[in-house]
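Enquirer: need the 3D shape of this:
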Amino acid sequence: MRVGLTYDLRDDYRALGFSAEDAAEFDSRETIDALDAAVRAMGFATERIGQVRELTRRLAAGERWDLVLNIAEGVRGFGRESQVPALLEAYDIPHVFSDARACALTLHKGMAKHVLRDQGVPTPDFAVVETDADADAVTLPFPLFVKPVAEGTSKGVDGASRVTTREELRAACARLVARHRQPAIVERFLPGREVTVGVVGTGDRAETVGVLEVLLTGDAEDAGYTYENKARWEERVRYRLVDDEFARESCALALAAWRGLGCRDGGRVDLRAGADGRPQVLEINPLPGMNPTYSDLPILWRLSGRPYGELVERIVRSALLRVAAPGTGA
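Expert: Below is the predicted model of the structure:
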């Protein structure tokens, strides 16, 4: 079997002048090397393709693959994570991880939360803000939490993301809209425990593979799992696996969100506890970071004593099972 790898390489975008934050979601050579080695260890031949324009060029030239392992994030627009899946679907090439629909839905946190709420999955009350008038129309009680509506890797999340006044809310939203060229999402601030739940599989075969609690040290920004806290995780963050009642409730909600939004093969669901101590879903990550050292899903897997290659194999096997089963899509 010939497996292609699609990705956005961070070094390429940094060379084009992208800032460290703008390129934060893109992948390091270490990540690509690790994925490549893990797939080859399964006995498959691999071929590195790269980003969507290179994929487009090679498809137009007639190249094909039996399967594509896609972790490309894209650059612009609410459909950026959907570009590679949509292109592969157009050419009837099966791929690992979620399809174009799920990637687009989960990237826009507001749209994802509308669906979650409609399905009865608890998620913080929210508003999407693009203008000062939108900010003034927010009726949610303070404190609130403000972040970009369609970013990952905690981009745009910092010590000023937790706001307690109307003036702070307006300022935070205006700053994010100007900086990230997209609306902000405003949520009720949840003061409790924060966890991420690892999920492997699709539909009824999806299962949780661990619950990772995020604990901030005294050196961390206290607003939560911010961009700086995540970037400086070795000194600001402590991770631990948890298996208590809160973790079990988080797993149940994570699976409901994962299945409800149609995510596939592998990823994470982030949750945080409200004042009542009960978890609520913050967001779903259908294209999880796969760096073997510092990405949350591999950290979770590693803390449970399992090798990185086994995680990659579980995810790829999930995709192969989908492809082999009629009616599950590619």
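
Enquirer: quick check: domain ranges of this protein?
Expert: Listed domain ranges for the chain are 2-97, 125-188, 194-324 (source: automatic domain parsing).

Enquirer: quick one: closest of these to L105.
Expert: Nearest of the domains of the chain to L105, taken as C-beta to C-beta: domain 194-324 at 5.9 Å. Every residue, glycine included, has its C-beta placed from N, CA and C.

Enquirer: isn't V129 right up against E187?
Expert: No - in this structure V129 lies outside contact range of E187 using C-beta atoms under 8 Å: 11.0 Å.

Enquirer: what ranges do the strands span in the stretch 1-150 of the chain?
Expert: For the stretch 1-150 of the chain, the strands defined by DSSP state E, counting those that start in this stretch cover 2-6, 45-50, 67-70, 95-96, 126-129, 144-148.

Enquirer: need the longest strand for the chain.
Expert: strand 207-216 (DSSP state E).

Enquirer: hang on, the earlier thing: between V129 and E187, who's got more neighbours?
Expert: V129 (26 against 21; other C-beta atoms under 10 Å).

Enquirer: report the beta-bridge partners for the more buried one.
Expert: Under DSSP bridges, the beta-bridge partners of V129 are A184.

Enquirer: returning to that earlier point: could you dump the strands of the stretch 1-150 of the chain into CSV and include mean pLDDT and distance to A86?
Expert: Shown next, in CSV, are those (pLDDT from 0 to 100; distance: least, C-beta to C-beta, whole Å):
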stretch, mean pLDDT, distance to A86
strand 2-6, 98, 12
strand 45-50, 98, 15
strand 67-70, 98, 11
strand 95-96, 98, 10
strand 126-129, 98, 24
strand 144-148, 97, 22
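
Enquirer: pull the number of nearby residues for the closest residue to R175 other than its chain neighbours.
Expert: Leaving aside its sequence neighbours, R175 sits nearest to A160 (C-beta to C-beta, 6 or more residues apart in numbering; 7.7 Å). Using other C-beta under 10 Å, A160 has 15 neighbouring residues.

Enquirer: list the contacts for A160?
Expert: In this structure, A160 makes contact with 168, 171-172, 175, 223, judged by C-beta atoms under 8 Å, 6 or more residues apart in numbering.

Enquirer: who wins for neighbours among these?
Expert: Once you tally neighbours by other C-beta under 10 Å, A172 ends up highest among the contacts of A160, having 24 neighbours.

Enquirer: any idea what R272 is bridged to?
Expert: Going by DSSP bridges, R272 forms beta bridges with E194, Q280.

Enquirer: contact partners for it?
Expert: 190, 192-195, 224, 279-280, 282.

Enquirer: quick one: buried residues of stretch 137-150?
Expert: By neighbour count with 16 or more other C-beta atoms under 10 Å, stretch 137-150 contains the buried residues 138, 143-150.

Enquirer: my bad, stretch 287-294
Expert: 287-292, 294.

Enquirer: regarding it, how distant is the last residue from the first?
Expert: 15 Å (C-alpha to C-alpha, to the nearest Å).

Enquirer: can you check stretch 117-137 too?
Expert: Stretch 117-137 end-to-end distance (C-alpha to C-alpha) = 21 Å.

Enquirer: sounds good, over and out.
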